[in-house]
Structure formats: structure tokens, C-alpha cells
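[1] I'd like to go over a predicted model; first the sequence, then the structure.
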Amino acid sequence: MCFQNASFKPGASQSHSFTNFASRADLNDAMRQRAPGRSVSRGQRRARSSLVAIEVSLGVVLLFGAGLFLSSFVWLQEVPRGFDAPGALTFHVSLRGERYAKPEQIRSYFDQLGEHLGSLPGVRAVTLGSGLPLTGSESLFAMVNIAGQPPNRPLGSFVIIHAVAPNYFQVLRMHLLAGRAFNPRDTASSPRVTIINRNAARDLFGSENPIGKVLEFVADERRGVPGDAPVQIIGVAENAQEFGRDEVPFNFLFVPFAQHPVPSAFVLLASDVPRGDVARGIRATAYALDKDQPVFDMETMDDRIANSLQGARFNLFLVAALASVALILVSVGTFGTVAYFVQQRTQEFGVRLALGASPGRILCHAIAQSLAIGVTGILLGVTVSLILGRLLRHALYLAPHEHTGMLYGVNIYDPFIMSGACTLLAAVLALASFIPARRAAKVDPMIALRYE
């Protein structure tokens, strides 16, 4: 009670000193020094922030990569194939043994096989060729020059050769741009003829009309070409994909199977009956014709088209999965960092609210740290993405005559995809920061002041 009635009256000098001390005091520093564990956890906070920034940069790289692979996959699906044979069933035959050592024996076997298969119920058409689109078969190849003209190249122009049946282009719906298709009159005893694709016509003749021109084969004992006899061009066909959906166009030269029978060929059947019934009929027919010559690699053209996208589909899935993991890590890391920041400064936020600070200002102050980390991580991620794109450009894109590509139709520096990746990551950062930061704006000043 005595203390309640007592009064303290400081002197003038004491009052002046107290006022000077109060004016020099930094309220922010005072509150931060009173926050529990402030000085102890400074290094931990920096480590957390650095880790989150690295996670954000990794997220940018993976999200940008996922965007590139997704865009590439969409482009690959839209790329013109140059053929269309829905539901057609294909299989491979490779004749072996002395029985098929001569060209006429090979020709006779495939003529009989085609005739018997064409009589199966529901089969509309049968054709064959030493190669089919998207089979990536071991085709014949040669170097050619235009007869009567100086060579375009010292060693001649490279062409891939397919020996095909007369109805090959009709069954595969490969459009003829000029000239005519093969017919039954193109036999072993008739003049040698050929059909070239659009790419060969442009590469060999430029803007000239190639119909009627003659191609000569460059002598080379190691090549597998249809003899040394020159061939006359009778048609130009549209380019068709041979090895993959993202390939560069090759120069193709088609010759009649009758003029150059080969022991290894693909057979294609267009039918209206279930695949299982046709497959059983094919095996029974081949066995009856020669039980020692099995058929293999039986697959529909639809399956071959789907399989041609298998690599692109796997790449997209893998990169998307890694990007999803990165987003989860960024979300968890940001949430934990902001939650830790709010928990460490609970008392400070309570004092600020007690002194009149608005909840919105406290919310922005709590989010500011994560925004700084996010901006740093995004800038670092963009830089790393551009550097990696430059270093891996050769591996990511198709290199003609070296390897197929992983990306098609997209630019490694695509600004739209990069901005989309950064925007998505920024949205994840904002959401992961907002949830714990909102608690800072709802701190009860009375409870916070007792938090000691």
C-alpha cells in the first residue's frame, strides 16, 4: 500500500536523459531482439531460404522442360504422315534357303502369297514392299546421278530404295503428285521405271519437271540396288515418314517389285474383319504355302503409328513427373519457411497490431520474404534453363543422319512456355506463402505479448 501512495518525481536531468534514450531506441530492433530464438536461428533461416531458392530454380527448369515436351508432343501428333491406312494389318516375311536363291523364285512366292491372302474373307486389298512407313526397315540404298547431266555431288545423291507392288500407293493412300503409279505391265522384261518422292524431286531437279528423266546408279559393289540399269521416272509421290514422326524428309526411290524382287518384305492387308480372324488366316495361308517360312512382326498400321510416339510419350511423362515433384517440394519448402518465419516473429506482429498496424500490412510483410526468395529462384531457374538449352541443343533436337530428336516444332528459348512456367511457379509460391502468412495477420496482441 505504501508503494501505491508514493510518488516518484525525477529531476530535470534524469527526465532529459530518458527522453534522449527513447528517441534513440529502434522499436523494430527492440521487438526483434525480444523474439524468441532470433539470434540463434539466423543461420538456419538463411539455409532454409537458400534451399527454397534452389528448389524454385529447379522447378523453373523442370516446368519449362515439361512445357517444351508437351508442346513437342502436340506438334508430333499433328505432323503429316504422308500415308493413311487405318485398320490395315502388316507382317514381315524373310525368305531363306536355296529354294529362294533366284529372283524368279522370290517373285513366285510373293505372287502366290498375295493371291491366296486376297481370297481370304473380308480382305479388300493386299500389297507388299521391302519397306513400309514407320517400320524403319533396313532398306536398300544407292547413290544416283541424272543421266546426261553433271553430278549434283561428287559421289552422287543418296536415295533410299523400296521395291513395292503395283497397288502399294493406293492401299497406303500415298498421294501421287505427278505421273502415274506402277501397274501389272511393269514386269521384269519391261523397261526399268521408278517413282521418286517429293523430297528427291526437289533435291535432284529443283523446279524442273522430273517426269521422263532418267537416273543412273553410281557403281559400288557394296550397295544393294536394283541392278546397274538406269531407271526412268514415271511419277512423284508425297513424302512419307519412314523412321519416326520427327524425321527430316529423305530421298526415296520406289521400283516395281517385279523388276527387283527382294527376299525380305512387308505385306499389308486392308480388311473389314477382326484382327484375330485375319491373323489366323495369314498364318494358315503362309504355312500351307511353305511351312519353313514363318511370318513375324504382325502389327496394325494404327499400332505402328501409336508406337512411333512411344518415345515422345515416355519423355513427356518423365519430365512431367519430375516437374510435379519439384512443384511439391517448392510448395512444402515455401510453406515451411514462411510458417517458421511467422512463428519466430509472433510477438513482433502482435506488438505491431497493438500499435495500430493493419492486418493487411502484416500479411504483406509476412509474404515479402517468400517473394524475395521466389524472385531469386525464378531468375536463377531462367538462367539455368537457357544455359542448359544451349548446351543440350544437339541432343534435344533431331540431327540428320545421326540421331532422332526429343523435341519437335518448339524453340528451346520459347518465351511463351517460359513465361507460363514462371507464372505457374509464382502462383504456387503465392498460395504456399499466403496460408501461413494469414496467421500472422490474425495474431491476438494480448496472446502475442505473453509469448515469451
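    Received it, and whenever you're ready, just let me know what you need.

[2] can we go C-alpha only for contacts and neighbour counts from here?
    Noted.

[3] now do the spatially most central residue of the chain against residue 171, distance only.
    Nearest residue to the geometric centre of the chain (CA atoms, centre = their mean): residue 69, 3.8 Å. As judged by CA to CA, to the nearest Å, residue 69 and residue 171 stand 34 Å apart.

[4] outline the domain layout of this structure.
    30-78+310-449, 96-292 (automatic domain parsing).

[5] okay, how far is it across the longest one, tip to tip?
    Terminal residues of domain 96-292 lie 9 Å apart, using CA to CA.

[6] still on that earlier bit, helix, strand, or coil at the residue nearest to the centre of the chain?
    helix (DSSP: H, G, I helix; E, B strand; the rest coil).

[7] that one - nearest residue in space that isn't next to it in sequence?
    residue 316 (5.4 Å; CA to CA, 6 or more residues apart in numbering).

[8] ok, now residue 94?
    Closest residue in space to residue 94, ignoring its immediate chain neighbours: residue 264 at 4.2 Å, by CA to CA, 6+ apart.

[9] same question, residue 164
    Nearest one to residue 164, counting by CA to CA, 6+ apart, is residue 129 at 4.1 Å.

[10] please name the bridge partners of the one you found.
    Beta-bridge pairing of residue 129 under DSSP bridges involves residue 164, residue 266.

[11] wait, it sits on residue 167?
    No - using CA atoms under 8 Å, residue 129 makes no contact with residue 167, being 10.1 Å away.

[12] what about the strands in the chain?
    In the chain, the strands defined using DSSP state E lie at 89-94, 123-129, 140-146, 157-164, 176-179, 193-197, 214-217, 231-237, 252-256, 264-271, 295-300.

[13] ok and the fourth one relative to strand 264-271, angle-wise?
    In other words, strand 157-164. Orientation note: strand 157-164 sits at an angle of 50 degrees relative to strand 264-271 (axes from the mean of the first three to the mean of the last three CA atoms, to 10 degrees).

[14] next, the angle strand 193-197 makes with strand 157-164.
    Using the same axes, to 10 degrees: strand 157-164 against strand 193-197 is 110 degrees.

[15] and residue 429, what pLDDT?
    Turning to residue 429, the model gives it a pLDDT of 83.

[16] centre of the chain versus stretch 180-196, how much separation?
    41 Å (CA atoms, centre = their mean, to the nearest Å).

[17] how many neighbouring residues does the residue nearest to residue 297 when sequence neighbours are not counted have?
    Closest residue to residue 297 in three dimensions, ignoring its sequence neighbours and counting by CA to CA, 6+ apart: residue 91, at 5.3 Å. Number of residues near residue 91 (other CA atoms under 10 Å) recorded here: 18.

[18] over to residue 381?
    25.

[19] check contacts around it.
    56, 57, 58, 59, 60, 61 (CA atoms under 8 Å, 6 or more residues apart in numbering).

[20] save those residues as CSV, and put in distance to residue 369, neighbour count and pLDDT too.
    CSV is the format used below for the contacts of residue 381 (distance: CA to CA, whole Å; neighbours: other CA atoms under 10 Å; pLDDT from 0 to 100):
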residue, distance to residue 369, neighbour count, pLDDT
56, 14, 32, 87
57, 16, 28, 90
58, 19, 25, 89
59, 19, 28, 89
60, 19, 33, 90
61, 22, 27, 91
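
[21] for the residues you listed, which one is nearest residue 204?
    Checking the contacts of residue 381 against residue 204 with CA to CA, the nearest one is residue 61 at 43.3 Å.

[22] quick one on the thing from earlier: would TSV of the strands of the chain with distance to residue 339 and mean pLDDT be doable?
    As requested, the strands of the chain are exported to TSV (distance: least, CA to CA, whole Å; pLDDT from 0 to 100):
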stretch	distance to residue 339	mean pLDDT
strand 89-94	61	92
strand 123-129	68	92
strand 140-146	67	85
strand 157-164	65	89
strand 176-179	68	92
strand 193-197	65	94
strand 214-217	76	91
strand 231-237	66	94
strand 252-256	65	93
strand 264-271	65	91
strand 295-300	57	89
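
[23] kindly reformat those strands as CSV containing distance to residue 327.
    Formatted as CSV, these follow (distance: least, CA to CA, whole Å):
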stretch, distance to residue 327
strand 89-94, 44
strand 123-129, 50
strand 140-146, 49
strand 157-164, 47
strand 176-179, 50
strand 193-197, 47
strand 214-217, 58
strand 231-237, 48
strand 252-256, 47
strand 264-271, 47
strand 295-300, 40
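
[24] out of those, which gets nearest to residue 76?
    strand 295-300 (19.7 Å).

[25] in the closest one, what counts as buried?
    When burial is assessed from 16 or more other CA atoms under 10 Å, strand 295-300 yields the following buried residues: 295, 298, 299, 300.

[26] so how far is residue 234 from residue 178?
    Separation of residue 178 from residue 234 (CA to CA): 8 Å.

[27] what touches both of those two?
    Listed as contacting both residue 178 and residue 234 by CA under 8 Å, 6+ apart are residue 211.

[28] which one's more surrounded, these two?
    Legend: neighbour count by other CA under 10 Å for residue 178 and residue 234, higher for residue 234 (19 against 16).

[29] isn't that one right up against residue 195?
    Yes - counting by CA under 8 Å, residue 234 does reach residue 195; the two are 5.8 Å apart.

[30] joint contacts of these two?
    Each of residue 181 lies in contact with both residue 234 and residue 195 under the rule CA under 8 Å, 6+ apart.

[31] could you report the neighbour count for residue 207?
    When neighbours are counted by other CA under 10 Å, residue 207 registers 9.

[32] how far away is it from residue 423?
    Counting by CA to CA, the gap from residue 207 to residue 423 is 48 Å.
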